[in-house]
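Enquirer: 3D model of this:
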Amino acid sequence: KAAERLRTVTVESGHSGDIAPKVSLRIGPNKTYESTMRKIRDDYSTHDEPRASHVKDVVRAECTFSHPYAMAAWIALISEKCIITRVKPKLFVENADERQHCVLLNILLQDHSVGELQLLFEEHANLKRISHRFYRITR
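Expert: This next block holds a predicted model:
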């Protein structure tokens, strides 16, 4: 059902040739109440009150990129248009259990809440979709 609620926008550059940088934006459903409460209980039990204020991914979107240049250009553009409140470059985490092959950006939204943008390369996004099926079973 969640996949049905996703909205996807794909933008391709006007370059001709065999490599045309592409960006896809998938806006997902908001995190459910149950999932938010589980995250507060499991991930933020030792954090300062109010613990719910530490949840930064209630509003979620994913951007996939066909080329590193497209990702760099997009980050430059979004940083001019939005207030970025946190950057988590999970591409370079040494602990393999925490590595997600993505960059997480938290952005201040117009209603003053914070949303999370997950930035990935197309290949990693495809692997994530396959592995997420197993994650839902084990969760």
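Enquirer: quick one: the helices in this protein?
Expert: In the chain, the helices defined using DSSP state H lie at 2-5, 33-43, 68-81, 122-138.
Enquirer: got a pLDDT number for the closest residue in space to G115 that isn't next to it in sequence?
Expert: Leaving aside its chain neighbours, G115 sits nearest to V59 (3.6 Å; criterion: C-beta to C-beta, 6 or more residues apart in numbering). To be clear about C-beta, it is placed using only N, CA and C from the backbone, and glycine gets the same treatment. pLDDT for V59: 87.
Enquirer: roughly how far apart are V59 and E122?
Expert: Distance from V59 to E122, counting by C-beta to C-beta, to the nearest Å: 23 Å.
Enquirer: For these two, indicate the residue with more neighbours.
Expert: V59 (19 against 15; other C-beta atoms under 10 Å).
Enquirer: measure the more buried one to I84 for me?
Expert: The gap separating V59 from I84 is 14 Å, by C-beta to C-beta.
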